[in-house]
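A.B. asks: Predicted model, plus sequence, below.
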Amino acid sequence: MRIVFITPASDFRRSHLYRLGSMSYGHSNAITGPLILGSLLKSAGHDVSVYEELYQDINFSKLTETDVFCIYTMTPNADRAYFIADKLRVDTHARIIIGGMHASFVPEEAAIHADQVVTGEAETVILDIIEGRITDQLVHAPHLKNLDDAPYPDYTLLKTQCTCANVMTTRGCPFSCSFCTTSRMYHPYRRRSIESVIDELKVYKKQGFHYMNFEDDNFTADKERAKEICRRMIAEKLIFKETFFFGRTDIAQDEELLKLLSSAHLNRVLIGMESINQESLDMIDKRQSVADIHQCGETLSHYNIRLIVSLILGIDGDSLADIQHAVDYAIKINAYQLQPAILTPYPGTPIYQQLKEENRLINCDWEYFDMMNVTFFPKKMTPYALQKQFYLANLKFYSISSLFSNYKRFDLNWVMRRLAMSIVIRACALFMLFTANFLRNTHVYRLKHL
Ligand code: B12
Ligand code: SF4
């Protein structure tokens, strides 16, 4: 059978401005689920292609000979996924199967647009669904017990742009922050064998990838294991030009780990500092202290590990001044990048449940559930003040003057990234102001006039 996987992207994410911004943020990379499922189906003799809309438009008219379309959903691209599904249903006679993060938490909604919807990790059911042995409209896939049973993502199936290989060495996370979807979607926390991780890295080296990301939600959750992976990467010369990973502030407490991460070139880390207000950290069940944050902020630069500070804007305990304070802290420690994320109540999370029960969701227009738009009523500020604060945080951090004050610490790559981010942020902020004041049918206009 001819099978096509599609990862959609919303209208905003397909715009030139967003594509320019993401180019400057990091290297193009892919969601691995469709590449893993595609690999399983290819091994069973099917003809599989995988497309993503994030970096490149898809020419749908060339896909009319497809038998089955498999569509991956995240909450902010759910509307686009449904639009594509509905259009393909009319234009082709192919079956439509929807799965992924968003569909896993609101399967009934997705089912309106699909022949079948799969919730959870689909490795154990995808072949039976495609070959017609499972015919239920809603299929709940049990989680994969042994991660080594899944094939590696097959990047040869990917027809759209990708310069960096994504590797998941674990699924889930031992923590359970109240806003986090992934610790609930991939549950319980599981680890692959180090042997299979190393073997996968060898494949990407052979395929010529210069960049590799560990996309585990918390790569250093098991510190001894992370150290062993680094040791093996060093010993077997599996070093990439830049390797990004997600960690927690606790990595700063382990000097041996920091040295190994640095030597294995895991040189860019995103850490959820979230807030510098202990009350707020406790409210989101972060299990992290302000002292942990300070230790992390002071330590990482000594090991040549570039820190991307992630903050959550709009936690109930935080005022506008608290948010500004956190942004100032990121500037003070010379963070490599800042990722301010507006608190987003994703379906399936306790925060979603709480805000729903308190009648604080503005609406469920999924397109805006992207961590860049306010979708709820915050406690200590108006929705529009929070929206403006998101832009102010970016404008302050990605200031033109920071280019001059920091250029000696980082390299040309950093200068280019920061310059592009500064331009994109300024263009976006201006557009936001214009929209909030003049374009009535927009989300931000409605926020301002709530
Ligand atoms: C890599 C990644 C990216 C990359 C690549 C994105 C791309 N090319 O489109 C980058 C960094 C660019 C990115 C961007 C964004 N991302 Co992202 N990303 C991820 C990340 C870290 C890993 C994805 C992955 O490989 N997962 C591992 C594999 C094994 O799981 P999987 O892909 O989900 O696949 C399994 C199941 O979902 C299912 N399945 C998957 N596809 C299908 C299809 C069918 C038909 C079926 C039946 C089943 C099925 O089976 C698979 C195997 O078990 C996830 C976090 C995570 N742990 O998943 C966030 C995540 C998906 N991203 C998220 C978000 C919000 C975004 C952005 C909106 C961020 C932003 N503000 O711009 C953008 C949107 C991009 C877009 N396409 O629209 C959220 C989504 C939250 C939600 N509830 O929807 C996540 C969960 C992170 C988070 N904050 O919690 N992302
Ligand atoms: S530490 Fe990160 S991945 Fe783990 S539950 Fe919290 S937000 Fe999710």
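C.D. replies: In hand now; what should we look at? Ligands and ions are numbered 1, 2, ... in the order given.
A.B. asks: quick one, strands of this structure?
C.D. replies: In order along the chain, the chain carries the following strands (DSSP state E): 2-7, 47-52, 68-72, 95-99, 116-119, 138-140, 164-167, 170-171, 190-191, 211-214, 242-247, 268-274, 306-313, 337-342.
A.B. asks: Reformat these as a markdown table; add distance to ligand 2.
C.D. replies: C-betas here are computed from N, CA, C, even on glycine. As requested, those are exported to a markdown table (distance: least, C-beta to the nearest ligand atom, whole Å):
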| stretch | distance to ligand 2 |
| --- | --- |
| strand 2-7 | 21 |
| strand 47-52 | 23 |
| strand 68-72 | 20 |
| strand 95-99 | 21 |
| strand 116-119 | 19 |
| strand 138-140 | 22 |
| strand 164-167 | 16 |
| strand 170-171 | 10 |
| strand 190-191 | 14 |
| strand 211-214 | 13 |
| strand 242-247 | 7 |
| strand 268-274 | 5 |
| strand 306-313 | 9 |
| strand 337-342 | 11 |
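A.B. asks: would you turn those into JSON lines with distance to ligand 1 and mean neighbour count?
C.D. replies: Converted to JSON lines, the strands of the chain look like this (distance: least, C-beta to the nearest ligand atom, whole Å; neighbours: other C-beta atoms under 10 Å):
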{"stretch": "strand 2-7", "distance to ligand 1": "5", "mean neighbour count": "23"}
{"stretch": "strand 47-52", "distance to ligand 1": "5", "mean neighbour count": "22"}
{"stretch": "strand 68-72", "distance to ligand 1": "3", "mean neighbour count": "25"}
{"stretch": "strand 95-99", "distance to ligand 1": "2", "mean neighbour count": "24"}
{"stretch": "strand 116-119", "distance to ligand 1": "3", "mean neighbour count": "24"}
{"stretch": "strand 138-140", "distance to ligand 1": "8", "mean neighbour count": "15"}
{"stretch": "strand 164-167", "distance to ligand 1": "5", "mean neighbour count": "22"}
{"stretch": "strand 170-171", "distance to ligand 1": "6", "mean neighbour count": "22"}
{"stretch": "strand 190-191", "distance to ligand 1": "11", "mean neighbour count": "16"}
{"stretch": "strand 211-214", "distance to ligand 1": "7", "mean neighbour count": "22"}
{"stretch": "strand 242-247", "distance to ligand 1": "7", "mean neighbour count": "23"}
{"stretch": "strand 268-274", "distance to ligand 1": "10", "mean neighbour count": "23"}
{"stretch": "strand 306-313", "distance to ligand 1": "10", "mean neighbour count": "23"}
{"stretch": "strand 337-342", "distance to ligand 1": "7", "mean neighbour count": "21"}
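A.B. asks: Could you export these as TSV, including mean pLDDT?
C.D. replies: Conversion of those to TSV gives the following (pLDDT from 0 to 100):
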stretch	mean pLDDT
strand 2-7	98
strand 47-52	98
strand 68-72	98
strand 95-99	98
strand 116-119	98
strand 138-140	98
strand 164-167	98
strand 170-171	98
strand 190-191	98
strand 211-214	97
strand 242-247	96
strand 268-274	97
strand 306-313	97
strand 337-342	96
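A.B. asks: Same list (those) but as a markdown table, adding distance to residue 414.
C.D. replies: Formatted as a markdown table, the strands of the chain follow (distance: least, C-beta to C-beta, whole Å):
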| stretch | distance to residue 414 |
| --- | --- |
| strand 2-7 | 29 |
| strand 47-52 | 27 |
| strand 68-72 | 32 |
| strand 95-99 | 37 |
| strand 116-119 | 41 |
| strand 138-140 | 45 |
| strand 164-167 | 17 |
| strand 170-171 | 29 |
| strand 190-191 | 33 |
| strand 211-214 | 15 |
| strand 242-247 | 11 |
| strand 268-274 | 11 |
| strand 306-313 | 8 |
| strand 337-342 | 9 |
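A.B. asks: tell me the domain boundaries of this protein?
C.D. replies: In the assignment given by automatic domain parsing, the structural domains of the chain cover 2-140, 162-448.
A.B. asks: The nearest residue to residue 86 once chain neighbours are set aside: neighbour count?
C.D. replies: In space, residue 86 comes closest to residue 113 once its chain neighbours are excluded; the distance is 5.7 Å by C-beta to C-beta, 6 or more residues apart in numbering. By the measure other C-beta atoms under 10 Å, the count of residues near residue 113 is 21.
A.B. asks: quick one: contacts for residue 148?
C.D. replies: Taking C-beta atoms under 8 Å, 6 or more residues apart in numbering, we find residue 148 in contact with 192-193, 196.
A.B. asks: could you dump the domains of the chain to JSON lines with distance to residue 152?
C.D. replies: Conversion of the domains of the chain to JSON lines gives the following (distance: least, C-beta to C-beta, whole Å):
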{"stretch": "domain 2-140", "distance to residue 152": "7"}
{"stretch": "domain 162-448", "distance to residue 152": "5"}
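A.B. asks: give the contact list for residue 74.
C.D. replies: Taking C-beta under 8 Å, 6+ apart as the criterion, residue 74 is in contact with 100-102.
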